[in-house]
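Q: Next input, structure requested:
(one chain, ligands or ions: 1)
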Amino acid sequence: MKLESNGIIISLRPFGERDAVAHIFTESHGVLSGMLRGAGANSKNKYLVGQMGATSWNARLDSQLGVFHFEAQKNLALSAMMDNNKLVFMNSMFALIETLLPEREAYTNLYNATVKTLSDINPESYLQWELNLLRDLGYALDLSHCSNCDAEDNLIYLSPRTGRAVCATCGEPYRDKLFKLPVNLNTTLRFLESVCRQQDVSVPNFRIFLQNK
Ligand SMILES: [Zn+2]
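A: Purely as a prediction, here's the structure:
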């Protein structure tokens, strides 16, 4: 089997002296994992997390770890490398993608959102990216109107169960059980925790670290 697409290196783990096991988030095929030859510390090739490039992935059998051929075109991590505040967001994005997306399933909207966010990482764009991630994982938050009475004003609560907004009046009796709007990283973390529980994985440390900053 051979798959080709543009992709972003989201993780590299040394394998032996010269190689690495990589995860690459591709535009057309989602997350792929495989060997990246010559990506090790003692090699001349400089593959870096955050590089975007032409990716091809080969595996002889479906179950086999694939082998990558990767031609870097651009380093999306450049601005993040200079700024620790941006770096923690980038690390969290890549860790969430690797942890939560199934392999070889296309998430093209999220791929495009990731490229766009990496070009201008800030707290607001990162939060929007997490809302995109949650939506693609089946946890779309609906903040447009009250889920009970359809009101579009005074939306100050969010239901943890449905992910939908609730107005001040409707929410008053349940205020202790509802999240407060506006949505922030505490809110999205609660939903990410639900997704992780369902998938039987832990919330990535990079995401928890972000919370404690
Ligand atoms: Zn209402």
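Q: Could I get the contacting residues of Leu192?
A: Residues near Leu192 by C-beta atoms under 8 Å, 6 or more residues apart in numbering: 96, 100, 130, 134, 203, 207. C-betas here are computed from N, CA, C, even on glycine.
Q: Among those, which ones are in helices?
A: 96, 100, 130, 134, 207 (DSSP state H).
Q: Now the last one: closest residue in space that isn't a chain neighbour?
A: Put plainly, it is Arg207. Nearest in space to Arg207, with sequence neighbours left out and distances taken as C-beta to C-beta, 6 or more residues apart in numbering, is Ser92 at 4.8 Å.
Q: and if you look at the third one?
A: The spatially closest residue to Glu130, leaving aside those adjacent along the chain, is Thr188, at 4.5 Å (C-beta to C-beta, 6+ apart).
Q: secondary structure element for that neighbour?
A: Using DSSP states H and E, the element containing Thr188 is helix 185-199.
Q: Enumerate the positions of that helix that are buried.
A: Judged by neighbour count using 16 or more other C-beta atoms under 10 Å, the buried positions of helix 185-199 are 185, 187-189, 191-192, 194-196.
Q: Then stretch 80-95?
A: 80, 86-95.
Q: Settle this for me: Gly30 is touching Glu98, isn't it.
A: No: Gly30 is beyond contact range of Glu98, at 11.2 Å (criterion: C-beta atoms under 8 Å).
Q: Settle it for me: which of these two has more neighbours?
A: Gly30 (22 against 17; other C-beta atoms under 10 Å).
Q: residues contacting the more buried one?
A: 101-107, 111.
Q: CA atoms of stretch 194-213 as PDB?
A: Output of stretch 194-213 as PDB, limited to C-alpha atoms (Å, rounded to 0.1, in the frame of the first residue of the first chain):
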ATOM      1  CA  SER A 194     -14.500  13.100  28.100                       C
ATOM      2  CA  VAL A 195     -13.100  12.300  24.700                       C
ATOM      3  CA  CYS A 196     -10.000  10.800  26.300                       C
ATOM      4  CA  ARG A 197     -12.100   8.700  28.700                       C
ATOM      5  CA  GLN A 198     -14.100   7.300  25.800                       C
ATOM      6  CA  GLN A 199     -10.900   6.400  23.900                       C
ATOM      7  CA  ASP A 200      -9.300   5.000  27.100                       C
ATOM      8  CA  VAL A 201      -6.300   7.300  26.800                       C
ATOM      9  CA  SER A 202      -4.800  10.000  29.100                       C
ATOM     10  CA  VAL A 203      -5.000  13.600  28.400                       C
ATOM     11  CA  PRO A 204      -1.500  14.400  26.900                       C
ATOM     12  CA  ASN A 205       0.900  16.000  29.300                       C
ATOM     13  CA  PHE A 206       1.500  18.900  26.900                       C
ATOM     14  CA  ARG A 207      -2.200  19.800  27.200                       C
ATOM     15  CA  ILE A 208      -2.200  19.500  31.000                       C
ATOM     16  CA  PHE A 209       1.000  21.600  31.100                       C
ATOM     17  CA  LEU A 210      -0.800  24.300  29.100                       C
ATOM     18  CA  GLN A 211      -3.600  24.400  31.700                       C
ATOM     19  CA  ASN A 212      -1.200  25.000  34.500                       C
ATOM     20  CA  LYS A 213       0.700  27.800  32.900                       C
END
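Q: No further questions, thank you.
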